[in-house]
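Undergrad: no letters, just coordinates:
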Ligand code: TYD
């Protein structure tokens, strides 16, 4: 399961006037994008996340600054450092994640496969481990 978490390199269109990165659902990333959200004004050193999603898939990008994403399938745990706007971490369904070590001024951009639905969240780690598919 944890092997499904992977860095996806996104196109980077270099121009003298600045860079541009497009993200097309189903093309650059393996799902259609239903929702985009971003976190900002995050105090330096702050942590967020601490949940899993039953069916949601995500691409997490450090659009500005840097942070670490700790992913955990209930058996194995891995940390990815994100610090560029032209790649992101693909997080499949049923993966516990925590976002830690935000640099001040960072922006965390998330593309998600489903609309927001609180019933989709698992916010208790023990419950996550209990219901996760056997590896
Ligand atoms: P949450 O996903 O718990 O944030 P974190 O990544 O820090 O765990 O969301 C924080 C709050 O924002 C929560 O009250 C739900 C709300 N929210 C929405 O209303 N829509 C959204 O798309 C998201 C992601 C969160």
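TA: Happy to help now that I have it. Remember, it's a predicted structure, so these values are computed and weren't measured experimentally.
Undergrad: near the ligand, which residues of the protein?
TA: By the rule Cβ under 6 Å from any ligand atom, the part of the chain lying against the ligand is 35, 37, 48-49, 51, 116. Just so you know, the C-beta spots here come from the backbone N, C-alpha and C atoms, and that holds for glycine as well.
Undergrad: now the residues you listed: which count as buried?
TA: Buried members of those, counted by 16 or more other Cβ atoms under 10 Å: residue 49.
Undergrad: just the endpoints, please. Distance across stretch 67-80?
TA: In stretch 67-80, first residue to last residue: 9 Å (Cα to Cα, to the nearest Å).
Undergrad: below-threshold pLDDT in the chain: ranges please.
TA: Scanning the chain for pLDDT under 70 picks out the ranges 135.
Undergrad: gap between residue 66 and residue 81?
TA: Computed as Cβ to Cβ, to the nearest Å, the residue 66 to residue 81 distance reads 7 Å.
Undergrad: err, residue 67, not the other one
TA: To residue 81, residue 67 is 8 Å away according to Cβ to Cβ.
Undergrad: between the two, who's got more neighbours?
TA: A count of neighbours by other Cβ atoms under 10 Å puts residue 67 above the other of residue 67 and residue 81, at 25 against 13.
Undergrad: my read is that that one contacts residue 79, right?
TA: No: using Cβ atoms under 8 Å, residue 67 is not in contact with residue 79; the gap is 10.6 Å.
Undergrad: the strand or helix carrying residue 52 pairs with which strands?
TA: Per DSSP states H and E: residue 52 is located in strand 48-53. With DSSP bridges as the test, strand 48-53 is paired with strand 96-100 (antiparallel), strand 121-122 (antiparallel).
Undergrad: okay, these in a markdown table with distance to residue 5 next?
TA: Converted to a markdown table, the strands paired with strand 48-53 look like this (distance: least, Cβ to Cβ, whole Å):
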| stretch | distance to residue 5 |
| --- | --- |
| strand 96-100 | 9 |
| strand 121-122 | 17 |
